[in-house]
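Novice: here is the input, now give the coordinates:
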Amino acid sequence: MFYWFLKVFALGPLLRTVFRPWVDGLENVPREGPAIFASNHLSFSDSVWLPLVLPRRITFPAKIEYFIGTGIKGRLTALFFRGIGQVPIDRTGGRASQVALDAGHKLLQKGELFGIYPEGTRSPDGRLYKGKTGVARLALASGAPVIPVAMIGTDKMQPPGKALPKLMRPGVRIGKPLDFSRYEGMEEDRFVLRSVTDEIMYELMELSGQEYVDMYAQKAKDELGKQRRGGDAGERSVGSGPGSNGAGSNGSGSTPAAGAGAGTTGEPTGSEPDKPGSDGGAVRKAS
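Specialist: Modelled structure (predicted):
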């Protein structure tokens, strides 16, 4: 009830009027029955715009920190996320993450829509990162089709760390459903799981136009953090001794984003980006 109140009467009309989000591919949304919406993840607001443009209710997993905050702000945040039916997910992995997938499976069995971000976290630099296989496991276990969704421009609209979005139009591009029934009963085969995940990520790359990086987004974030900390240390050492040239401690002289690109794809700057499965370890669009 709270979900529809927010969408139809409270936040929905305001957001539509002010930001005028556009959507392409609504005809690919099933009128009934279960479906998994697999989306790229550029901004906190991604979980707002997709539900806003869909004619049906969709449930997304939300990081568990939104549900366990303290104080007035923490309690209000938890109330909001619970009220719109979001599922808490512990991103430490293992059994903790499986709980969220199990909750998604139950929703799909009821014929509902479930949204998931295969990258596991927001992209640190606007590129598309390697997908985790949880989305494939859920698709094969439930038998539900996977609908790829590309969020467009939300990273520019509300970059990480920005509380208020810029006044610009976000976009949602919905692709055609992907059927993985040919892999029925193979959800424990890790090679099949990687193949299915790579096929989903390939479709997301095509829909979004993003450069693909064959690395998990969280690892890229960790590396960028190390480089930034190294750069800060180098700046503090400028002028501290004779012959100091002010170079950062990583010695590369490159920006964090450039450094991540070189270390991620193994290709020189300007080369064609990697594609899902390009390392030969997975089959893309297997028949």
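Novice: now do residue 100, the pLDDT please.
Specialist: For residue 100, the pLDDT comes out at 78.
Novice: give the contact list for it.
Specialist: With contacts defined as C-beta atoms under 8 Å, 6 or more residues apart in numbering, residue 100 is in contact with 61, 87, 88, 89, 90. C-betas here are computed from N, CA, C, even on glycine.
Novice: swap the cut-off to 6 Å and go again
Specialist: Residue 100 sits next to 61, 87, 89 when contact means C-beta atoms under 6 Å, 6 or more residues apart in numbering.
Novice: tell me how far the second one lies from residue 12.
Specialist: As for residue 87, its distance to residue 12 is 21 Å (criterion: C-beta to C-beta, to the nearest Å).
Novice: which of these two has more residues huddled nearby?
Specialist: Taking neighbours as other C-beta atoms under 10 Å, residue 87 and residue 12 compare with residue 87 leading, 23 against 17.
Novice: okay, and the beta partners of the more buried one?
Specialist: On the basis of DSSP bridges, residue 87 is bridged to residue 61.
Novice: counting residues, name the longest strand you see in the chain.
Specialist: strand 146-152 (DSSP state E).
Novice: and stretch 70-82, average pLDDT?
Specialist: Regarding stretch 70-82, the rounded mean pLDDT is 85.
Novice: please read the previous query as pertaining to stretch 180-194.
Specialist: Computed over stretch 180-194, the average pLDDT equals 96.
Novice: what's near enough to touch residue 107?
Specialist: Residue 107 neighbours (C-beta under 6 Å, 6+ apart): 59, 114.
Novice: now the helix or strand containing it: buried residues?
Specialist: Per DSSP states H and E, residue 107 falls inside helix 95-109. For helix 95-109, burial by neighbour count (16 or more other C-beta atoms under 10 Å) applies to 97, 99, 100, 101, 103, 104, 105, 107, 108.
Novice: low-confidence ranges in the stretch 1-150 of the chain?
Specialist: The stretch 1-150 of the chain contains residues with pLDDT under 70 at 91-96.
Novice: got the residue ranges for the strands in it?
Specialist: Here the stretch 1-150 of the chain has its strands, by DSSP state E, counting those that start in this stretch, at 22-24, 35-39, 58-59, 61-63, 87-89, 113-116, 128-129, 146-152.
Novice: okay, the angle between the helix holding residue 107 and strand 35-39?
Specialist: Angle of helix 95-109 versus strand 35-39, following axes from the mean of the first three to the mean of the last three C-alpha atoms, to 10 degrees, is 130 degrees.
Novice: quick one: residues contacting the residue nearest in space to the middle of the chain.
Specialist: The centroid of the chain falls nearest to residue 41 when counting by C-alpha atoms, centre = their mean (2.8 Å). Taking C-beta under 6 Å, 6+ apart, we find residue 41 in contact with 117, 119, 122.
Novice: need these in CSV with neighbour count, can you?
Specialist: Listed next are the contacts of residue 41 as CSV, based on neighbours: other C-beta atoms under 10 Å:
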residue, neighbour count
117, 26
119, 26
122, 21
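Novice: could the residues you listed go into CSV alongside distance to residue 67?
Specialist: Shown next, in CSV, are those (distance: C-beta to C-beta, whole Å):
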residue, distance to residue 67
117, 17
119, 21
122, 18
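Novice: the chain: helices as residue ranges?
Specialist: Using DSSP state H, the helices of the chain run over 2-4, 11-19, 46-53, 71-83, 95-109, 134-142, 154-157, 190-208, 217-236, 256-265.
Novice: just put those helices in a markdown table and tack on distance to residue 183.
Specialist: Shown next, in a markdown table, are the helices of the chain (distance: least, C-beta to C-beta, whole Å):
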| stretch | distance to residue 183 |
| --- | --- |
| helix 2-4 | 32 |
| helix 11-19 | 37 |
| helix 46-53 | 26 |
| helix 71-83 | 33 |
| helix 95-109 | 16 |
| helix 134-142 | 5 |
| helix 154-157 | 31 |
| helix 190-208 | 5 |
| helix 217-236 | 25 |
| helix 256-265 | 28 |
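Novice: looking at the ones you listed, spot the one closest to residue 179.
Specialist: Minimum separation from residue 179 across the helices of the chain (C-beta to C-beta) falls at helix 134-142, 9.4 Å.
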